[in-house]
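In: fold the following for me, if possible:
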Amino acid sequence: IKVPLANFTLPVILTKATHLKLKFCSLEIYSSTEAEEMATHTPISAGCRSQFTTPQQRLTVSTPKRCKSATAARSAPRGRINTPLSVRLTPGDRFIPNRAATDFDFASYKVNSGVRAESANTTLSPSDLEKRKTACDRLFALKSRSSQTRLLNFKQTQATCSSSSRNTPGKYQYWSPYSSSLSTSAKKKARKVPKSADRVLDAPNIVNDFYLNLLDWSKCGHLAIALGGSVYLLDTSGGTNSIHHLCNMEADSIYVSSLQWNKSGKYLALGTSDSEIQLWDVNASKLVRRMRSHDSRVSSLAWNSRSGLLSSGSQSGQVHNYDPRVALFHKHVLKAHTMDVCGLRWSPNGRFLASGGNDNIVNVWDTMSRDTWSAPVHTFKDHSAAVKALAWCPWQPSLLATGGGSADRHIRLWNASNGRKEVDIDTGSQVTGLLWSTVHHELLSSHGHPHNELILWNQSHSNTNSLTLSRVAELPGHDDRILHIALSPDGQTVASVGSDETVRFWKCFPVDSQMAKENQTTNLSLPELSMPKYIR
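Out: So this is what the prediction gives:
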(Lines give C-alpha, C1' and ligand atoms only; values in the text may rest on other atoms or scores of the structure.)
Protein backbone atom coordinates (compact mmCIF):
# COMPACT_ATOMS: atom_id res chain seq x y z
CA ILE A 1 0.00 0.00 0.00
CA LYS A 2 1.65 3.25 -1.17
CA VAL A 3 0.75 6.55 0.52
CA PRO A 4 2.45 9.96 0.97
CA LEU A 5 4.02 10.43 4.39
CA ALA A 6 2.07 13.67 4.98
CA ASN A 7 -1.21 11.83 4.52
CA PHE A 8 -0.12 8.67 6.28
CA THR A 9 -2.72 7.33 8.72
CA LEU A 10 -1.69 3.93 10.03
CA PRO A 11 -5.00 2.83 11.71
CA VAL A 12 -6.89 3.29 8.44
CA ILE A 13 -4.43 1.09 6.59
CA LEU A 14 -4.66 -1.54 9.29
CA THR A 15 -8.44 -1.52 9.16
CA LYS A 16 -8.42 -2.11 5.40
CA ALA A 17 -5.76 -4.76 5.63
CA THR A 18 -7.51 -6.69 8.38
CA HIS A 19 -10.83 -6.38 6.58
CA LEU A 20 -9.24 -8.14 3.59
CA LYS A 21 -7.91 -10.77 6.03
CA LEU A 22 -4.25 -10.25 4.90
CA LYS A 23 -1.67 -12.02 6.99
CA PHE A 24 1.16 -9.60 6.13
CA CYS A 25 1.16 -5.92 5.28
CA SER A 26 3.98 -4.30 3.26
CA LEU A 27 4.25 -0.52 3.50
CA GLU A 28 6.24 1.68 1.12
CA ILE A 29 6.42 5.18 2.64
CA TYR A 30 7.42 8.41 0.85
CA SER A 31 8.24 11.81 2.27
CA SER A 32 6.16 14.86 1.49
CA THR A 33 8.81 16.22 -0.87
CA GLU A 34 8.65 13.07 -2.92
CA ALA A 35 4.86 13.06 -3.04
CA GLU A 36 5.01 14.92 -6.31
CA GLU A 37 7.30 12.23 -7.72
CA MET A 38 4.93 9.33 -6.99
CA ALA A 39 4.93 8.39 -10.64
CA THR A 40 8.45 7.05 -10.24
CA HIS A 41 7.38 4.93 -7.24
CA THR A 42 10.91 4.69 -5.88
CA PRO A 43 10.55 2.80 -2.56
CA ILE A 44 12.09 4.30 0.54
CA SER A 45 11.87 1.15 2.64
CA ALA A 46 10.97 -1.75 0.41
CA GLY A 47 11.76 -4.26 3.08
CA CYS A 48 9.25 -2.96 5.61
CA ARG A 49 6.98 -5.83 6.62
CA SER A 50 4.97 -6.43 9.73
CA GLN A 51 3.05 -9.50 10.79
CA PHE A 52 -0.05 -8.99 12.91
CA THR A 53 -3.20 -10.75 14.07
CA THR A 54 -5.18 -8.08 15.94
CA PRO A 55 -5.15 -4.27 15.93
CA GLN A 56 -4.16 -4.27 19.62
CA GLN A 57 -0.73 -5.74 18.93
CA ARG A 58 2.37 -3.54 18.65
CA LEU A 59 3.35 -2.79 15.05
CA THR A 60 7.04 -2.17 14.22
CA VAL A 61 8.17 -1.23 10.71
CA SER A 62 11.80 -2.39 10.42
CA THR A 63 14.55 -0.91 8.22
CA PRO A 64 16.55 -2.80 5.61
CA LYS A 65 19.62 -4.67 6.80
CA ARG A 66 21.93 -2.53 4.67
CA CYS A 67 21.08 0.58 6.77
CA LYS A 68 22.90 -0.40 9.98
CA SER A 69 24.80 2.76 10.93
CA ALA A 70 24.24 6.47 11.17
CA THR A 71 26.78 7.04 8.41
CA ALA A 72 24.90 4.77 6.13
CA ALA A 73 21.73 6.57 7.08
CA ARG A 74 23.22 9.98 6.21
CA SER A 75 24.52 8.65 2.90
CA ALA A 76 21.12 7.33 1.97
CA PRO A 77 19.08 9.13 -0.68
CA ARG A 78 17.12 12.23 0.36
CA GLY A 79 13.88 11.40 2.13
CA ARG A 80 14.83 7.86 3.03
CA ILE A 81 13.75 6.75 6.51
CA ASN A 82 16.22 4.46 8.23
CA THR A 83 15.18 4.61 11.86
CA PRO A 84 12.67 2.10 13.25
CA LEU A 85 9.09 3.33 13.25
CA SER A 86 7.20 2.17 16.32
CA VAL A 87 3.45 2.84 16.72
CA ARG A 88 1.27 1.53 19.52
CA LEU A 89 -2.41 1.20 18.68
CA THR A 90 -4.49 2.00 21.71
CA PRO A 91 -7.77 0.05 21.90
CA GLY A 92 -11.04 1.89 22.21
CA ASP A 93 -10.40 4.81 19.85
CA ARG A 94 -13.67 6.70 19.57
CA PHE A 95 -13.37 7.03 15.79
CA ILE A 96 -12.07 3.56 14.92
CA PRO A 97 -14.25 0.45 15.38
CA ASN A 98 -12.83 -2.32 17.50
CA ARG A 99 -12.66 -5.35 15.25
CA ALA A 100 -12.43 -7.88 18.09
CA ALA A 101 -15.60 -6.49 19.67
CA THR A 102 -17.62 -6.24 16.43
CA ASP A 103 -19.76 -9.12 15.15
CA PHE A 104 -19.52 -8.75 11.38
CA ASP A 105 -21.89 -11.66 10.73
CA PHE A 106 -24.64 -9.95 12.68
CA ALA A 107 -23.87 -6.58 11.07
CA SER A 108 -24.07 -8.11 7.59
CA TYR A 109 -27.39 -9.73 8.46
CA LYS A 110 -28.84 -6.45 9.77
CA VAL A 111 -27.69 -4.49 6.73
CA ASN A 112 -28.99 -6.99 4.17
CA SER A 113 -32.17 -8.13 5.96
CA GLY A 114 -34.31 -5.46 4.32
CA VAL A 115 -33.00 -6.32 0.86
CA ARG A 116 -33.69 -9.99 1.39
CA ALA A 117 -37.19 -9.25 2.67
CA GLU A 118 -38.03 -7.23 -0.45
CA SER A 119 -36.66 -9.90 -2.78
CA ALA A 120 -38.23 -12.80 -0.88
CA ASN A 121 -40.05 -15.35 -2.97
CA THR A 122 -43.76 -14.92 -2.29
CA THR A 123 -44.52 -18.35 -3.72
CA LEU A 124 -42.96 -20.16 -0.76
CA SER A 125 -45.19 -22.61 1.07
CA PRO A 126 -46.54 -21.61 4.50
CA SER A 127 -44.26 -24.13 6.19
CA ASP A 128 -41.18 -22.63 4.51
CA LEU A 129 -42.28 -19.12 5.45
CA GLU A 130 -42.74 -20.25 9.04
CA LYS A 131 -39.26 -21.79 9.07
CA ARG A 132 -37.77 -18.56 7.77
CA LYS A 133 -39.63 -16.47 10.34
CA THR A 134 -38.60 -18.82 13.16
CA ALA A 135 -34.97 -18.52 12.11
CA CYS A 136 -35.14 -14.72 12.14
CA ASP A 137 -36.94 -14.64 15.49
CA ARG A 138 -34.39 -16.94 17.10
CA LEU A 139 -31.51 -14.92 15.68
CA PHE A 140 -32.85 -11.62 17.00
CA ALA A 141 -33.69 -13.26 20.34
CA LEU A 142 -30.12 -14.45 20.72
CA LYS A 143 -28.66 -11.06 19.84
CA SER A 144 -31.03 -9.20 22.16
CA ARG A 145 -29.96 -11.38 25.09
CA SER A 146 -26.35 -10.40 24.52
CA SER A 147 -27.23 -6.69 24.11
CA GLN A 148 -25.88 -6.73 20.55
CA THR A 149 -27.61 -3.79 18.87
CA ARG A 150 -24.74 -1.82 17.28
CA LEU A 151 -23.31 -2.68 13.90
CA LEU A 152 -19.85 -1.40 14.88
CA ASN A 153 -18.44 -1.47 18.42
CA PHE A 154 -15.75 0.96 19.58
CA LYS A 155 -14.89 -0.61 22.92
CA GLN A 156 -14.00 -4.08 24.08
CA THR A 157 -16.96 -5.70 25.81
CA GLN A 158 -17.25 -8.78 27.96
CA ALA A 159 -19.74 -10.45 25.62
CA THR A 160 -17.27 -11.02 22.78
CA CYS A 161 -16.20 -14.12 20.96
CA SER A 162 -13.57 -16.29 22.52
CA SER A 163 -9.96 -15.51 21.79
CA SER A 164 -9.44 -18.90 20.22
CA SER A 165 -12.09 -18.28 17.57
CA ARG A 166 -11.05 -14.67 16.83
CA ASN A 167 -7.29 -15.10 16.85
CA THR A 168 -7.14 -18.22 14.72
CA PRO A 169 -6.20 -17.10 11.19
CA GLY A 170 -8.67 -18.14 8.50
CA LYS A 171 -11.19 -19.63 10.93
CA TYR A 172 -14.57 -18.00 11.59
CA GLN A 173 -17.46 -19.38 13.54
CA TYR A 174 -21.06 -18.87 12.41
CA TRP A 175 -24.21 -19.37 14.41
CA SER A 176 -27.08 -21.34 12.84
CA PRO A 177 -30.68 -20.51 13.85
CA TYR A 178 -31.46 -24.23 13.96
CA SER A 179 -28.28 -25.20 15.83
CA SER A 180 -28.81 -26.92 19.15
CA SER A 181 -25.35 -26.01 20.45
CA LEU A 182 -26.24 -22.58 21.81
CA SER A 183 -24.65 -20.99 24.83
CA THR A 184 -26.26 -21.42 28.20
CA SER A 185 -27.41 -17.80 28.30
CA ALA A 186 -29.06 -18.10 24.89
CA LYS A 187 -30.98 -21.26 25.66
CA LYS A 188 -34.59 -20.81 26.66
CA LYS A 189 -35.23 -21.73 30.24
CA ALA A 190 -37.67 -24.59 30.64
CA ARG A 191 -40.87 -23.35 32.22
CA LYS A 192 -42.60 -25.21 35.00
CA VAL A 193 -45.88 -26.92 34.10
CA PRO A 194 -48.23 -27.65 37.03
CA LYS A 195 -48.89 -31.38 37.24
CA SER A 196 -52.15 -31.03 39.17
CA ALA A 197 -55.43 -29.29 38.44
CA ASP A 198 -55.95 -25.78 39.75
CA ARG A 199 -59.67 -26.35 40.42
CA VAL A 200 -62.08 -29.29 40.27
CA LEU A 201 -65.86 -29.04 39.77
CA ASP A 202 -68.56 -31.68 39.49
CA ALA A 203 -70.25 -32.41 36.16
CA PRO A 204 -73.10 -34.82 36.92
CA ASN A 205 -75.12 -36.49 34.16
CA ILE A 206 -72.68 -35.63 31.39
CA VAL A 207 -73.24 -37.86 28.37
CA ASN A 208 -70.36 -40.33 28.12
CA ASP A 209 -70.13 -40.36 24.32
CA PHE A 210 -66.85 -39.99 22.43
CA TYR A 211 -68.57 -38.53 19.34
CA LEU A 212 -70.17 -35.50 21.03
CA ASN A 213 -68.82 -31.99 21.69
CA LEU A 214 -70.17 -30.62 24.98
CA LEU A 215 -67.65 -28.02 26.21
CA ASP A 216 -66.62 -24.60 24.90
CA TRP A 217 -65.18 -21.34 26.30
CA SER A 218 -66.32 -17.96 24.94
CA LYS A 219 -64.30 -14.83 24.32
CA CYS A 220 -66.23 -13.14 27.15
CA GLY A 221 -65.12 -15.73 29.70
CA HIS A 222 -68.23 -17.92 29.84
CA LEU A 223 -67.58 -21.66 29.97
CA ALA A 224 -70.57 -23.56 28.52
CA ILE A 225 -71.13 -27.21 29.37
CA ALA A 226 -74.03 -29.51 28.44
CA LEU A 227 -75.16 -31.99 31.09
CA GLY A 228 -77.77 -34.22 29.51
CA GLY A 229 -80.63 -31.98 28.39
CA SER A 230 -79.43 -28.91 30.34
CA VAL A 231 -76.86 -26.22 29.54
CA TYR A 232 -74.93 -24.36 32.24
CA LEU A 233 -72.63 -21.33 32.02
CA LEU A 234 -69.69 -20.72 34.34
CA ASP A 235 -68.73 -17.04 34.37
CA THR A 236 -64.95 -16.84 34.84
CA SER A 237 -64.64 -13.15 33.97
CA GLY A 238 -63.81 -10.83 36.84
CA GLY A 239 -63.08 -13.73 39.19
CA THR A 240 -66.76 -14.25 40.10
CA ASN A 241 -66.97 -17.93 39.00
CA SER A 242 -70.76 -17.82 39.21
CA ILE A 243 -72.82 -20.61 37.61
CA HIS A 244 -75.85 -19.78 35.52
CA HIS A 245 -78.43 -22.20 34.16
CA LEU A 246 -79.21 -21.30 30.54
CA CYS A 247 -81.86 -23.75 29.32
CA ASN A 248 -83.38 -27.22 29.34
CA MET A 249 -84.52 -29.30 26.38
CA GLU A 250 -88.26 -29.58 25.85
CA ALA A 251 -88.38 -33.35 26.40
CA ASP A 252 -86.48 -35.64 28.71
CA SER A 253 -85.55 -37.88 25.78
CA ILE A 254 -83.73 -35.01 24.02
CA TYR A 255 -80.18 -34.15 25.02
CA VAL A 256 -77.65 -31.60 23.83
CA SER A 257 -75.15 -33.28 21.50
CA SER A 258 -72.94 -30.28 20.59
CA LEU A 259 -72.39 -26.60 21.38
CA GLN A 260 -70.22 -23.77 20.08
CA TRP A 261 -69.78 -20.05 20.82
CA ASN A 262 -69.66 -17.50 18.03
CA LYS A 263 -66.73 -15.09 17.71
CA SER A 264 -68.21 -12.30 19.84
CA GLY A 265 -69.24 -14.65 22.64
CA LYS A 266 -72.77 -13.30 22.62
CA TYR A 267 -74.52 -16.20 20.91
CA LEU A 268 -74.32 -19.91 21.71
CA ALA A 269 -75.29 -22.52 19.13
CA LEU A 270 -76.68 -25.82 20.41
CA GLY A 271 -77.06 -29.06 18.45
CA THR A 272 -79.57 -31.55 19.77
CA SER A 273 -80.23 -35.25 19.49
CA ASP A 274 -83.45 -34.60 17.55
CA SER A 275 -81.52 -33.01 14.61
CA GLU A 276 -82.23 -29.38 15.55
CA ILE A 277 -79.91 -26.39 15.92
CA GLN A 278 -80.81 -23.68 18.44
CA LEU A 279 -79.28 -20.23 18.67
CA TRP A 280 -79.32 -18.58 22.12
CA ASP A 281 -78.64 -15.01 23.19
CA VAL A 282 -76.86 -15.59 26.51
CA ASN A 283 -77.11 -11.98 27.71
CA ALA A 284 -80.89 -12.10 27.49
CA SER A 285 -81.13 -15.89 28.13
CA LYS A 286 -83.40 -16.09 25.11
CA LEU A 287 -83.79 -18.52 22.22
CA VAL A 288 -83.55 -16.35 19.10
CA ARG A 289 -83.64 -18.94 16.29
CA ARG A 290 -84.28 -22.57 15.43
CA MET A 291 -82.79 -24.20 12.34
CA ARG A 292 -83.61 -27.69 11.16
CA SER A 293 -82.16 -29.36 8.07
CA HIS A 294 -80.48 -32.55 9.31
CA ASP A 295 -82.28 -35.84 9.63
CA SER A 296 -80.14 -37.17 12.51
CA ARG A 297 -78.25 -36.09 15.62
CA VAL A 298 -76.08 -32.96 15.29
CA SER A 299 -72.72 -34.10 16.70
CA SER A 300 -70.48 -31.12 15.88
CA LEU A 301 -70.68 -27.36 15.30
CA ALA A 302 -68.16 -24.76 14.06
CA TRP A 303 -68.40 -20.99 13.47
CA ASN A 304 -66.46 -19.19 10.74
CA SER A 305 -64.96 -16.17 12.49
CA ARG A 306 -64.61 -14.23 9.20
CA SER A 307 -67.83 -14.85 7.28
CA GLY A 308 -70.17 -15.61 10.19
CA LEU A 309 -71.27 -18.95 8.70
CA LEU A 310 -72.24 -21.77 11.03
CA SER A 311 -71.33 -25.32 9.99
CA SER A 312 -72.82 -28.46 11.51
CA GLY A 313 -72.01 -32.15 11.20
CA SER A 314 -74.57 -34.87 11.73
CA GLN A 315 -74.65 -38.58 12.46
CA SER A 316 -75.62 -39.24 8.84
CA GLY A 317 -72.22 -38.01 7.61
CA GLN A 318 -73.41 -34.70 6.12
CA VAL A 319 -72.06 -31.22 6.81
CA HIS A 320 -74.44 -28.27 6.43
CA ASN A 321 -73.62 -24.57 6.26
CA TYR A 322 -75.97 -21.89 7.64
CA ASP A 323 -76.18 -18.13 7.70
CA PRO A 324 -78.34 -17.34 10.77
CA ARG A 325 -78.55 -13.64 9.80
CA VAL A 326 -80.85 -14.18 6.83
CA ALA A 327 -84.28 -15.71 6.43
CA LEU A 328 -83.14 -18.50 4.09
CA PHE A 329 -80.45 -19.72 6.44
CA HIS A 330 -79.60 -23.05 4.77
CA LYS A 331 -76.73 -22.55 2.30
CA HIS A 332 -74.76 -25.70 1.46
CA VAL A 333 -74.80 -29.48 1.92
CA LEU A 334 -71.45 -31.30 1.97
CA LYS A 335 -71.52 -35.07 1.42
CA ALA A 336 -68.08 -36.43 2.15
CA HIS A 337 -68.49 -38.83 5.09
CA THR A 338 -70.36 -42.09 5.34
CA MET A 339 -70.64 -42.11 9.14
CA ASP A 340 -70.94 -39.71 12.08
CA VAL A 341 -69.16 -36.34 11.67
CA CYS A 342 -67.68 -35.99 15.16
CA GLY A 343 -65.07 -33.30 14.45
CA LEU A 344 -65.54 -29.94 12.72
CA ARG A 345 -63.21 -26.90 12.74
CA TRP A 346 -62.74 -23.69 10.73
CA SER A 347 -59.21 -22.34 10.31
CA PRO A 348 -58.41 -19.01 12.06
CA ASN A 349 -58.35 -17.11 8.76
CA GLY A 350 -61.72 -18.56 7.71
CA ARG A 351 -60.35 -20.21 4.58
CA PHE A 352 -60.30 -23.94 5.40
CA LEU A 353 -62.96 -26.17 6.95
CA ALA A 354 -61.81 -29.52 8.34
CA SER A 355 -64.18 -32.38 9.11
CA GLY A 356 -63.38 -35.65 10.83
CA GLY A 357 -65.67 -38.66 10.90
CA ASN A 358 -66.24 -42.10 12.31
CA ASP A 359 -65.24 -43.44 8.88
CA ASN A 360 -61.58 -42.64 9.81
CA ILE A 361 -61.39 -39.88 7.18
CA VAL A 362 -60.39 -36.22 7.43
CA ASN A 363 -61.65 -33.85 4.74
CA VAL A 364 -60.40 -30.30 4.12
CA TRP A 365 -62.55 -27.79 2.24
CA ASP A 366 -61.08 -24.63 0.72
CA THR A 367 -63.35 -21.61 0.31
CA MET A 368 -60.91 -20.11 -2.22
CA SER A 369 -61.10 -23.04 -4.65
CA ARG A 370 -63.21 -22.86 -7.79
CA ASP A 371 -65.67 -25.57 -6.70
CA THR A 372 -65.63 -24.89 -3.00
CA TRP A 373 -68.38 -27.17 -1.77
CA SER A 374 -68.58 -29.74 -4.55
CA ALA A 375 -65.60 -31.77 -3.26
CA PRO A 376 -62.87 -31.41 -0.62
CA VAL A 377 -59.44 -30.27 -1.76
CA HIS A 378 -57.75 -32.86 0.47
CA THR A 379 -58.86 -36.20 1.91
CA PHE A 380 -56.59 -37.80 4.51
CA LYS A 381 -57.03 -41.54 5.13
CA ASP A 382 -54.01 -42.30 7.32
CA HIS A 383 -56.00 -42.72 10.54
CA SER A 384 -57.29 -46.16 11.47
CA ALA A 385 -59.99 -44.97 13.90
CA ALA A 386 -62.56 -42.21 14.27
CA VAL A 387 -61.13 -38.69 14.03
CA LYS A 388 -62.76 -36.33 16.49
CA ALA A 389 -59.75 -34.24 17.60
CA LEU A 390 -59.09 -31.39 15.14
CA ALA A 391 -57.17 -28.16 15.74
CA TRP A 392 -55.84 -25.42 13.44
CA CYS A 393 -52.57 -23.75 14.36
CA PRO A 394 -53.16 -20.07 15.33
CA TRP A 395 -49.79 -18.79 14.06
CA GLN A 396 -49.78 -20.95 10.90
CA PRO A 397 -53.39 -21.07 9.65
CA SER A 398 -52.76 -23.83 7.10
CA LEU A 399 -51.34 -26.30 9.67
CA LEU A 400 -53.93 -28.82 10.86
CA ALA A 401 -53.53 -31.24 13.77
CA THR A 402 -55.65 -34.42 13.84
CA GLY A 403 -55.95 -37.20 16.42
CA GLY A 404 -57.30 -40.74 16.06
CA GLY A 405 -59.38 -42.90 18.36
CA SER A 406 -58.60 -46.07 20.30
CA ALA A 407 -57.46 -48.15 17.33
CA ASP A 408 -55.19 -45.41 15.99
CA ARG A 409 -53.78 -43.32 18.88
CA HIS A 410 -51.76 -41.10 16.53
CA ILE A 411 -51.41 -37.33 16.23
CA ARG A 412 -50.69 -36.12 12.72
CA LEU A 413 -49.91 -32.63 11.42
CA TRP A 414 -50.96 -31.70 7.88
CA ASN A 415 -50.20 -28.82 5.56
CA ALA A 416 -53.57 -27.84 4.11
CA SER A 417 -51.94 -25.81 1.34
CA ASN A 418 -50.34 -28.80 -0.37
CA GLY A 419 -51.83 -31.80 1.48
CA ARG A 420 -48.45 -32.95 2.84
CA LYS A 421 -48.15 -34.80 6.13
CA GLU A 422 -45.64 -33.04 8.37
CA VAL A 423 -45.68 -35.09 11.60
CA ASP A 424 -46.88 -38.56 12.60
CA ILE A 425 -46.46 -39.56 16.24
CA ASP A 426 -47.89 -42.39 18.34
CA THR A 427 -49.30 -41.19 21.67
CA GLY A 428 -50.17 -44.59 23.15
CA SER A 429 -53.73 -43.52 24.06
CA GLN A 430 -57.02 -42.63 22.46
CA VAL A 431 -56.90 -39.00 21.31
CA THR A 432 -60.11 -37.19 22.31
CA GLY A 433 -59.13 -33.54 21.85
CA LEU A 434 -56.43 -31.15 20.60
CA LEU A 435 -55.67 -27.51 21.43
CA TRP A 436 -52.96 -25.18 20.17
CA SER A 437 -51.61 -22.64 22.63
CA THR A 438 -51.99 -18.99 21.69
CA VAL A 439 -49.01 -17.86 23.81
CA HIS A 440 -46.50 -20.69 23.31
CA HIS A 441 -45.44 -22.90 20.40
CA GLU A 442 -47.13 -25.87 22.03
CA LEU A 443 -49.95 -28.34 21.45
CA LEU A 444 -52.12 -29.93 24.14
CA SER A 445 -53.80 -33.29 23.60
CA SER A 446 -56.41 -35.01 25.75
CA HIS A 447 -56.58 -38.79 25.94
CA GLY A 448 -58.83 -41.64 26.88
CA HIS A 449 -57.97 -45.25 27.54
CA PRO A 450 -55.60 -46.41 28.81
CA HIS A 451 -53.88 -43.36 30.38
CA ASN A 452 -56.73 -40.78 30.72
CA GLU A 453 -54.39 -37.78 30.82
CA LEU A 454 -53.37 -34.53 29.14
CA ILE A 455 -50.08 -34.40 27.24
CA LEU A 456 -48.23 -31.19 26.41
CA TRP A 457 -46.18 -31.15 23.19
CA ASN A 458 -43.62 -28.65 21.98
CA GLN A 459 -43.72 -27.84 18.26
CA SER A 460 -40.35 -26.97 16.73
CA HIS A 461 -38.12 -27.57 13.72
CA SER A 462 -35.45 -30.24 13.49
CA ASN A 463 -31.97 -29.85 12.02
CA THR A 464 -33.43 -30.80 8.63
CA ASN A 465 -35.99 -27.95 8.95
CA SER A 466 -38.90 -30.37 9.32
CA LEU A 467 -41.64 -29.99 11.93
CA THR A 468 -41.33 -32.06 15.09
CA LEU A 469 -43.41 -32.66 18.21
CA SER A 470 -41.59 -33.38 21.46
CA ARG A 471 -43.32 -34.40 24.66
CA VAL A 472 -43.03 -31.79 27.41
CA ALA A 473 -45.22 -33.04 30.26
CA GLU A 474 -48.04 -35.42 31.20
CA LEU A 475 -50.91 -34.13 33.34
CA PRO A 476 -52.77 -36.99 35.05
CA GLY A 477 -55.78 -36.46 37.26
CA HIS A 478 -58.93 -37.84 35.65
CA ASP A 479 -60.10 -41.25 36.81
CA ASP A 480 -61.71 -42.04 33.45
CA ARG A 481 -61.25 -40.94 29.87
CA ILE A 482 -61.24 -37.23 29.05
CA LEU A 483 -64.11 -36.33 26.75
CA HIS A 484 -63.65 -32.63 25.92
CA ILE A 485 -61.19 -29.76 26.45
CA ALA A 486 -61.50 -25.97 26.02
CA LEU A 487 -59.10 -23.02 26.17
CA SER A 488 -59.71 -19.84 28.17
CA PRO A 489 -59.86 -16.50 26.33
CA ASP A 490 -56.52 -15.35 27.82
CA GLY A 491 -54.86 -18.52 26.50
CA GLN A 492 -53.47 -19.63 29.87
CA THR A 493 -56.02 -22.06 31.35
CA VAL A 494 -57.47 -25.28 29.92
CA ALA A 495 -60.72 -26.86 31.11
CA SER A 496 -61.19 -30.60 30.72
CA VAL A 497 -64.26 -32.70 31.41
CA GLY A 498 -64.20 -36.48 31.64
CA SER A 499 -66.51 -39.41 31.97
CA ASP A 500 -65.62 -39.39 35.69
CA GLU A 501 -68.09 -36.44 35.84
CA THR A 502 -65.53 -33.84 36.87
CA VAL A 503 -64.38 -30.57 35.28
CA ARG A 504 -60.74 -29.76 35.95
CA PHE A 505 -58.90 -26.49 35.31
CA TRP A 506 -55.21 -26.57 34.39
CA LYS A 507 -52.71 -23.70 34.21
CA CYS A 508 -51.03 -25.18 31.16
CA PHE A 509 -49.86 -22.01 29.39
CA PRO A 510 -48.87 -19.36 31.96
CA VAL A 511 -47.55 -16.06 30.64
CA ASP A 512 -44.12 -15.11 32.00
CA SER A 513 -43.22 -11.70 33.39
CA GLN A 514 -41.66 -10.46 30.14
CA MET A 515 -44.74 -11.31 28.08
CA ALA A 516 -47.00 -9.76 30.72
CA LYS A 517 -44.93 -6.56 30.62
CA GLU A 518 -45.19 -6.39 26.83
CA ASN A 519 -48.92 -6.97 27.08
CA GLN A 520 -49.27 -4.17 29.64
CA THR A 521 -47.36 -1.67 27.50
CA THR A 522 -49.66 -2.29 24.53
CA ASN A 523 -52.84 -1.65 26.57
CA LEU A 524 -54.48 -4.61 24.85
CA SER A 525 -55.66 -7.95 26.12
CA LEU A 526 -53.50 -10.89 25.08
CA PRO A 527 -55.97 -12.60 22.68
CA GLU A 528 -56.17 -9.41 20.60
CA LEU A 529 -52.42 -9.23 19.93
CA SER A 530 -50.79 -10.29 16.66
CA MET A 531 -50.00 -14.00 16.88
CA PRO A 532 -46.59 -14.18 15.15
CA LYS A 533 -45.27 -11.42 17.41
CA TYR A 534 -46.25 -12.82 20.79
CA ILE A 535 -45.71 -16.58 20.24
CA ARG A 536 -42.61 -18.11 21.23
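
In: so where's this structure shaky on pLDDT?
Out: For the chain, the stretches flagged by pLDDT under 70 are 1-95, 105-106, 109-110, 113-151, 153-190, 513-536.

In: quick one, helices of it?
Out: 10-19, 70-74, 104-118, 126-145, 163-166, 513-522, 531-534 (DSSP state H).

In: thought Asp359 was touching Lys381, still the case?
Out: No: assessed by C-beta atoms under 8 Å, Lys381 is found out of contact with Asp359, at 9.3 Å. For glycine as for every other residue, the C-beta is placed from the backbone atoms N, C-alpha and C.

In: how about Val298: what's its closest non-neighbour residue?
Out: Counting by C-beta to C-beta, 6 or more residues apart in numbering, the nearest residue to Val298 once its immediate chain neighbours are dropped is Gly271, at 3.0 Å.

In: before we move on, the earlier item: compare Lys381 and Asp359 (neighbour count), which wins?
Out: Asp359 (17 against 9; other C-beta atoms under 10 Å).

In: measure that one to Ser445 for me?
Out: Asp359 sits 22 Å away from Ser445, taking C-beta to C-beta, to the nearest Å as the criterion.

In: what does Leu287 give?
Out: 35 Å.

In: which one's more surrounded, the two?
Out: Neighbours were counted for Leu287 and for Ser445 using other C-beta under 10 Å; Ser445 has more, 26 against 13.

In: what bridges to that one?
Out: Partner residues in beta bridges with Ser445, using DSSP bridges, are Leu434, Ile455.

In: contacting residues around it?
Out: Ala389, Gly403, Ile411, Thr427, Val431, Gly433, Leu434, Leu435, Leu454, Ile455, Trp457 (C-beta atoms under 8 Å, 6 or more residues apart in numbering).

In: try it again at 6 Å.
Out: Residues in contact with Ser445 (C-beta atoms under 6 Å, 6 or more residues apart in numbering) are Val431, Leu434, Ile455.

In: closest to Pro394 among those?
Out: For the contacts of Ser445, the residue nearest Pro394 by C-beta to C-beta is Leu434; the value is 12.5 Å.

In: against Ile361, how distant is the closest one?
Out: Distance, Leu434 to Ile361, by C-beta to C-beta: 17 Å.

In: who touches stretch 356-364?
Out: Against stretch 356-364 from outside (C-beta under 6 Å, 6+ apart): 336-341, 343, 352, 354-355, 376-381, 383, 386-387, 390, 402, 416.

In: just checking, Asp235 touches Ser242?
Out: Yes: between Asp235 and Ser242 there is a contact under C-beta atoms under 6 Å: 4.9 Å.

In: neighbour count for the two, which is higher?
Out: Between Asp235 and Ser242, counted using other C-beta under 10 Å, Asp235 has the larger neighbour count: 17 against 10.

In: tell me the bridge partners for that one.
Out: Counting by DSSP bridges, the residues bridging with Asp235 are His222, Ser242.

In: looking at it, Asn248 is touching Tyr232, isn't it?
Out: No: assessed by C-beta under 6 Å, Asn248 is found out of contact with Tyr232, at 10.5 Å.

In: who's in contact with Ala203?
Out: Ala203 neighbours (C-beta under 6 Å, 6+ apart): Val497, Glu501, Val503.

In: which of those tops the neighbour count?
Out: Ranked by neighbours (other C-beta under 10 Å), the contacts of Ala203 are led by Val497, which has 26 neighbours.

In: name the nearest residue to that one, sequence neighbours excluded.
Out: Of all residues not flanking Val497 in the chain, Val503 sits nearest, at 4.8 Å (C-beta to C-beta, 6+ apart).

In: okay, and the beta partners of that neighbour?
Out: Leu201, Val497.

In: distance of it from Leu215?
Out: Counting by C-beta to C-beta - Val503 and Leu215 are separated by 8 Å.

In: hey, what's in contact with both of the two?
Out: With C-beta under 6 Å, 6+ apart as the test, Val503 and Leu215 both reach Val497.

In: against Ser314, how distant is Thr251?
Out: Not quite, residue 251 is Ala, not Thr. In this view, Ala251 and Ser314 are 19 Å apart by C-beta to C-beta.

In: flag every buried residue along stretch 451-462.
Out: His451, Asn452, Glu453, Leu454, Ile455, Leu456, Trp457, Asn458, Gln459, His461 (16 or more other C-beta atoms under 10 Å).

In: return the member of the residues you listed nearest to Val423.
Out: Distance to Val423 across those (C-beta to C-beta) is lowest for Gln459, with 8.4 Å.

In: quick one: neighbours of the closest residue to that closest one other than its chain neighbours, just the number.
Out: With C-beta to C-beta, 6+ apart as the criterion, Gln459 has its nearest non-adjacent residue at 5.0 Å, and that residue is His441. By other C-beta under 10 Å, 17 other residues sit near His441.

In: isn't His441 up against Trp457?
Out: No: contact between His441 and Trp457 fails when scored by C-beta under 6 Å: they sit 9.8 Å apart.

In: overlap of the contact sets of these two?
Out: Joint contacts of His441 and Trp457 (C-beta under 6 Å, 6+ apart) do not exist.

In: Ala251 and Ser273, how far apart?
Out: 10 Å.

In: looking at the two, which is more packed in?
Out: It is Ser273, of Ala251 and Ser273, that has more neighbours when counted by other C-beta under 10 Å, with 21 against 11.

In: next up, the contacts around that one.
Out: Counted by C-beta under 6 Å, 6+ apart, Ser273 has contacts Ile254, Tyr255, Ser257, Arg297.

In: that's all I had, so thanks and see you.
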